[in-house]
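Asks: Sequence first, predicted coordinates after that:
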Amino acid sequence: MAKFPIDAIDKKILSHLIKNARMPFLEIARECGISGAAIYQRVKKLEEAGIISGSRLEVDPQALGYTLCAFIGIQISDPSLHFVAVEALKEIPEVVECHFITGKYNILIKIHCFDNEHLMHTIFDNILKIKGISQTETYMSLFKAFEREVNIDDEVMDI
């Protein structure tokens with residue numbers, strides 16, 4: 001992806017939107033000292049450049065009863081089946097993230113389940129039945145210590 005030049009105001013806008021994607025543009029405009037129309041234009045420019053790819057509502061899985069979070073390393077037996085496996089993983093509602101990775105496994109997924117029985121069912125009745133998956137290794141999360149968005153400080157971000 002090509003680098004896109006952004007200035008201090010763009011960084012301020014991103015900082016506000018990362019903290020609260022629902023923050024009104026007029027409020028961001030007051031914080032940045034420019035007009036609401038200018039904020040709108042800058043956000044549109046950041047979207048067109050692919051820096052902002054959308055906004056979404058965050059839901060706490062535990063509040064919905066998904067008390068178990070696990071990461072599963074998946075080994076694919078035949079490289080030509082990578083994308084077939086990913087398409088099948090997309091159909092499993094418990095799978096919330098999927099990454100191609102380096103190392104012993106080809107794919108790493110993050111899943112949310114209600115409990116250990118639900119996890120076992122998801123692995124044995126869904127994941128292991130996918131064509132090409134030859135091995136898995138499951139890591140259960142005990143506690144999410146922190147989560148954060150990309151740092152947009154001047155020293156770190158030079159886009």
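Replies: Everything's here; your move.
Asks: buried stuff in the helix or strand bottoming out on mean pLDDT in the chain?
Replies: Lowest on mean pLDDT, DSSP states H and E among the helices and strands of the chain sits helix 8-19, with a mean of 90. For helix 8-19, burial by neighbour count (16 or more other Cβ atoms under 10 Å) applies to Asp10, Lys12, Ile13, Leu14, Ser15, His16, Leu17, Ile18. All C-beta atoms are positioned from the backbone trio N, CA, C, and that covers glycine.
Asks: just stretch 51-59 next, same as before
Replies: Those would be Ile51, Ile52, for stretch 51-59 by 16+ other Cβ under 10 Å.
Asks: likewise stretch 125-135?
Replies: Asn126, Ile127, Ile130, Gly132, Ile133.
Asks: starting at the chain centroid, how far to it?
Replies: Put simply, stretch 125-135 sits 23 Å off its chain's centre (Cα atoms, centre = their mean, to the nearest Å).
Asks: Which residues does it contact?
Replies: If you take Cβ atoms under 8 Å, 6 or more residues apart in numbering as the criterion, stretch 125-135 is touched by 72, 74-78, 81-82, 84-85, 88-89, 92, 94, 105, 109, 136.
Asks: Next: stretch 28-48.
Replies: So stretch 28-48 is in contact with Ile6, Ile9, Asp10, Lys12, Ile13, Leu14, His16, Leu17, Phe25, Leu26, Ile52, Ser53, going by Cβ under 8 Å, 6+ apart.
Asks: just checking, the first one touches Ile51?
Replies: Yes - counting by Cβ atoms under 8 Å, Ile51 is a contact partner of Ile6 at 7.2 Å.
Asks: Narrow the buried residues of stretch 125-135 to those in strands?
Replies: Secondary structure assignment by DSSP state E places Ile133 of the buried residues of stretch 125-135 in strands.
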